[in-house]
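A.B. asks: Structure, please.
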Amino acid sequence: MGREVAGQFRIVQRIGSGGMGAVYKAEQPDMNRHVAIKILHPRYLSRSDLVSRFRREARAMSHLSHPHTARVFLYGQLEDGACYFVMEYLEGRNLAQIVRAEGPMEPARAIQIMSKVCGALDEAHQAGIIHRDLKPENIFLTVQGGIEDFPKVLDFGLAKVTEKQMKPGSMILTREGMVFGTPEFMSPEQARGKTLDARSDIYSLGVIMYELLTGKLPFDARQPIEYIQLHVNAQPIPLSERAPERQFPPGLEEAVMRALAKDPDHRYASAAAFGEALEAVGRGAVAAPQQAPQAQQPLSQPIFTGPGRGAPQAAGQPSPQPTPPAQQPMPQGQQPAPRVPSQQPAPAPSKLPWVVFGAGVLLAIGGAVALIVALTR
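C.D. replies: Numbers count the residues shown, from 1 in each chain. Presented below is the predicted three-dimensional model:
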């Protein structure tokens, strides 16, 4: 406590620790603000792989500018050689703490939070960075700019920086067959030690969303190795079965279960697409299923991607007014249906012709009777 870092920060409190290091709250008097400083334990300086991973986390986060990713300001080494980086200081709780304290979230709140997290991950993926350790503990809710439930994605310590971000001579710390991550939240391909891409993070996002909505994980297991086996071999317990007492908006279960697909090709193609699907469910405008490419046909769930186009109406919303046929685009070669001139009921047929006909018959009969009477006289 009280130690100065980089000549401008003074450590005032220890706020967390882990296997590789500790996180401290520090003052920056010149800027009149607090920051968080993450310091790697000096005893790991001889481990070049851990030092490279720590440096890589700082580099990965410094490349990201999304408002829902924790910002990194500075990276360096202390006098004793310990590595550190300075990041924004956040006050609040992580998702794991919130679910433990409050129980499952309301769907609208979970959707709002996780759609923003998807935006942060999409920026990372486009920069060639895969998180690989997404879990509720690494998503922090704070208040920023007066906005509550403002999520921040933390801890890129296991991030995989793809060739897009690799520098010449960089050490490749992972290879196929090695498994890193948290067993409860890792994708099937991650559990197998396969090469990962952004869709592995999407699976982890699906597990997090599942836990927010139900307070439970998609599988029943007691040991970490059991979770790994279930991620690889078992189908997740449906949301409606996991929490039968809860009501979920139309399309939400389908969106979560698609993110949890075993085959990466059957998940959302990007974190942005998953976020858009959640937002569409949140608006109560679930779109009709899209036709998937031939390689993705085995999907067992309908795909919901956005509002409009034949979406079923959410309960309590007025039905949309039909578009006049003349304004509807028609497929090539198809003739438009004939337009109905009026919606008023057709008038009932007139009874006058029958009255005239009846009178004529009576007159004819009367004339015939009169003629017979005249002849008989």
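A.B. asks: Phi and psi next, for E148.
C.D. replies: In terms of degrees, to the nearest 10, the main-chain angles of E148 are phi -80, psi 170.
A.B. asks: wait, what's in contact with it?
C.D. replies: E148 sits next to no residue when contact means Cβ atoms under 8 Å, 6 or more residues apart in numbering. For the C-beta atoms, the positions are set from N, CA and C on the backbone; glycine is no exception.
A.B. asks: measure it to E211 for me?
C.D. replies: Noted for E148: a distance of 21 Å to E211, by Cβ to Cβ, to the nearest Å.
A.B. asks: how's this protein carved up into domains?
C.D. replies: What automatic domain parsing lists as the domains of the chain is 4-88, 92-288.
A.B. asks: highest average neighbour count across those?
C.D. replies: Most buried of the domains of the chain, by mean neighbour count (mean count of other Cβ atoms under 10 Å): domain 92-288, with a mean of 19.
A.B. asks: Just the mean pLDDT for that domain, thanks.
C.D. replies: Mean per-residue pLDDT for domain 92-288: 88.
A.B. asks: Would you check that P188 makes contact with K262?
C.D. replies: Yes: taking Cβ atoms under 8 Å as the definition, P188 is a contact partner of K262 at 5.3 Å.
A.B. asks: The stretch 51-200 of the chain: helices as residue ranges?
C.D. replies: Along the stretch 51-200 of the chain, counting by DSSP state H, counting those that start in this stretch, helices occupy 95-102, 107-126, 188-191, 198-214.
A.B. asks: Could I get those in JSON lines, plus columns for distance to S17?
C.D. replies: Below are the helices of the stretch 51-200 of the chain laid out as JSON lines (distance: least, Cβ to Cβ, whole Å):
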{"stretch": "helix 95-102", "distance to S17": "16"}
{"stretch": "helix 107-126", "distance to S17": "25"}
{"stretch": "helix 188-191", "distance to S17": "25"}
{"stretch": "helix 198-214", "distance to S17": "23"}
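A.B. asks: I'd like to know which of those helices lies nearest to P249.
C.D. replies: helix 107-126 (5.7 Å; Cβ to Cβ).
A.B. asks: Just the C-alpha atoms of that closest one, please, in PDB.
C.D. replies: C-alpha atoms of helix 107-126 as PDB (Å, rounded to 0.1, in the frame of the first residue of the first chain):
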ATOM      1  CA  PRO A 107     -35.600 -11.800 -19.600                       C
ATOM      2  CA  ALA A 108     -35.700  -8.100 -20.600                       C
ATOM      3  CA  ARG A 109     -32.900  -7.200 -18.300                       C
ATOM      4  CA  ALA A 110     -30.700 -10.200 -19.400                       C
ATOM      5  CA  ILE A 111     -31.300  -9.400 -23.100                       C
ATOM      6  CA  GLN A 112     -30.400  -5.800 -22.600                       C
ATOM      7  CA  ILE A 113     -27.100  -6.700 -20.900                       C
ATOM      8  CA  MET A 114     -26.000  -9.600 -23.100                       C
ATOM      9  CA  SER A 115     -26.800  -7.800 -26.400                       C
ATOM     10  CA  LYS A 116     -24.300  -5.100 -25.400                       C
ATOM     11  CA  VAL A 117     -21.800  -7.800 -24.400                       C
ATOM     12  CA  CYS A 118     -22.200  -9.300 -27.800                       C
ATOM     13  CA  GLY A 119     -21.200  -5.900 -29.300                       C
ATOM     14  CA  ALA A 120     -18.000  -5.800 -27.300                       C
ATOM     15  CA  LEU A 121     -17.100  -9.300 -28.300                       C
ATOM     16  CA  ASP A 122     -17.800  -8.600 -32.000                       C
ATOM     17  CA  GLU A 123     -15.300  -5.800 -31.900                       C
ATOM     18  CA  ALA A 124     -12.700  -8.100 -30.400                       C
ATOM     19  CA  HIS A 125     -13.400 -10.800 -32.900                       C
ATOM     20  CA  GLN A 126     -13.100  -8.400 -35.800                       C
END
